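Undergrad: Only the shape, not the letters, is given here:
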């Protein structure tokens, strides 16, 4: 297995060299939660790490096993920030769940919209666990059908919850690659924040144009619409998918140019 105690210095140095002083573990399994708590107890963390126990595991047991870290405060640079679920795949992998078909599917299908990963019932139940226990919910959504599902199930779970603090939890839609302007409006209405993987513009923009066509492909990582909806939004790099280079992420959001030199929708520049 990996020796995290030996690796942790080098791992953190990569973040710190990029000016990053807080990072998220965006899908924390129970064994990883124990590793991170152990690193915190050993005094090996130099940067803040916030972890999100992942749907499909016993998330409440993970929190209960490490109660001192289930907190708004860091202890030894570590805490749990909430819970995490995911509703689809990625547009470059043709697995982001879309309302309108891709240019073509993996086998040339003309009606390919991909698929979700959770039923409404399961997703709403997990969202309600987060809300009832007063935890922020982060949810991976790349396709606009997945975004529709998140908005639908989160609102239902929030309405069904008796938690008096439920309106202050700031749920987050992670990636939001193809979220529509009307969906950003709905996010603003229910207090949800999009975290936009803007580096997609440079790294996968050409694939998005090919897979989604010029209008939808050109609109990916629509920071402009998020800003116009009055939303606070964040950018992320999904490390280790890409290096934690947030200046590059900002450059992508400002310029919207792909690797092959295509100019994506300038209306979405910030």
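TA: Everything's here; your move. Everything numeric in this text was worked out from a predicted model, so none of it was measured.
Undergrad: domains in the chain, as residue ranges please.
TA: Domains of the chain are assigned by the TED database as 1-80, 81-268.
Undergrad: Mind jotting down where the helices sit in the chain?
TA: Along the chain, the segments classed as helices by DSSP state H run 4-17, 30-41, 59-65, 120-132, 144-160, 181-190, 200-218, 223-228, 246-255.
Undergrad: what would those look like in CSV with mean pLDDT?
TA: Below are these laid out as CSV (pLDDT from 0 to 100):
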stretch, mean pLDDT
helix 4-17, 94
helix 30-41, 97
helix 59-65, 98
helix 120-132, 98
helix 144-160, 98
helix 181-190, 98
helix 200-218, 97
helix 223-228, 98
helix 246-255, 98
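Undergrad: between these, which gets nearest to residue 86?
TA: helix 144-160 (8.5 Å; C-beta to C-beta). All C-beta atoms are positioned from the backbone trio N, CA, C, and that covers glycine.
Undergrad: ok, so what distance separates the residue nearest the centre of the chain from residue 236?
TA: Centroid-nearest residue in the chain, with C-alpha atoms, centre = their mean: residue 174, separated by 2.1 Å. Distance, residue 174 to residue 236, by C-beta to C-beta, to the nearest Å: 7 Å.
Undergrad: Give the bridge partners for the residue lying closest to the residue nearest to the centre of the chain once chain neighbours are set aside, please.
TA: Distances taken as C-beta to C-beta, 6 or more residues apart in numbering put residue 140 closest to residue 174, at 4.8 Å, once the chain neighbours are dropped. Beta-bridge partners recorded for residue 140 (DSSP bridges): residue 86, residue 174.
Undergrad: okay, residue 140: pLDDT?
TA: Listed pLDDT for residue 140 reads 98.
Undergrad: same thing with residue 66?
TA: Looking at residue 66, its pLDDT is 96.
Undergrad: Then residue 76?
TA: Model confidence at residue 76, given as pLDDT, is 98.
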